[in-house]
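**Q** I'd like to go over a predicted model; first the sequence, then the structure.
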Amino acid sequence: MSALKDIGTGFRDFLLRGNVIDLAVAVVVGGAFTVIVSALVDNLLTPLIALIVGQPSFDRLTFTINDTVFGYGAFLTAVINFILVAAALYFFVVLPVKKLSALAAARKSGTDEAEPAAPPTDEAVLLAEIRDLLKSQNTA
C-alpha cells in the first residue's frame with residue numbers, strides 16, 4: 001500500500017512541477033494559434049497569391065515518365081503554404097513582439113530606443129569647447 005502511495009505522490013509532484021504545466025499551456029495555446037495562422041493564410045494570403053499567379057493550388061500539376069505520373073504540384077503547394085505560414089508568423093507575430101519588447105525595455109531603462117540621439121554637430125562641439133575654456137578662465 002505504501003508503494004502505491006509513493007507512486008501517487010511522485011506522480012502528483014511531477015504533474016504539479018512548473019515545467020509540465022507551462023508545457024501543457026504552451027501546447028494548448030499553440031494549437032489555438034495554429035487555427036488563427038491557418039485562417040490568415042487560407043483566407044487572406046492564398047487568395048492574394050491566386051490573384052497574382054492565377055490559381056491558389058498547384059495540386060494538379062504532374063509530369064509523366066514511362067507511364068509513371070509524378071505529382072510535383074502537391075509538393076509545390078506544400079512548399080508555398082509553408083512559406084506563407086512562415087511569413088505570416090514572422091510579419092504578424094515575431095516583428096511586432098520584438099518591437100513591443102524593445103519598447104518595453106526602453107521604457108524600463110528610461111530611454112527611448114525608437115529615437116536614438118543624433119551625434120553633436122561640429123558647431124555644437126566647438127561651442128562646448130569655447131564654453132569649457134571660458135569656465136576654466138573664470139575659475140582661474
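**A** Perfect, I can see it now. Quick caveat: nothing in here was measured; it's all calculated off a predicted structure.
**Q** where exactly do the strands run in the chain?
**A** Along the chain, the segments classed as strands by DSSP state E run 63-65, 68-70.
**Q** can you lay out the ones you listed as TSV showing mean neighbour count?
**A** For every residue, glycine as well, the C-beta is placed using N, CA and C. Formatted as TSV, the strands of the chain follow (neighbours: other CB atoms under 10 Å):
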stretch	mean neighbour count
strand 63-65	8
strand 68-70	9
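**Q** can you put those in TSV and add mean pLDDT and distance to residue 43?
**A** Output for the strands of the chain, formatted as TSV (pLDDT from 0 to 100; distance: least, CB to CB, whole Å):
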stretch	mean pLDDT	distance to residue 43
strand 63-65	92	31
strand 68-70	91	30
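**Q** okay, the residue most central in space within the chain: pLDDT?
**A** The chain has residue 94 as the residue nearest its centroid, 1.8 Å off, counting by CA atoms, centre = their mean. For residue 94, the pLDDT comes out at 86.
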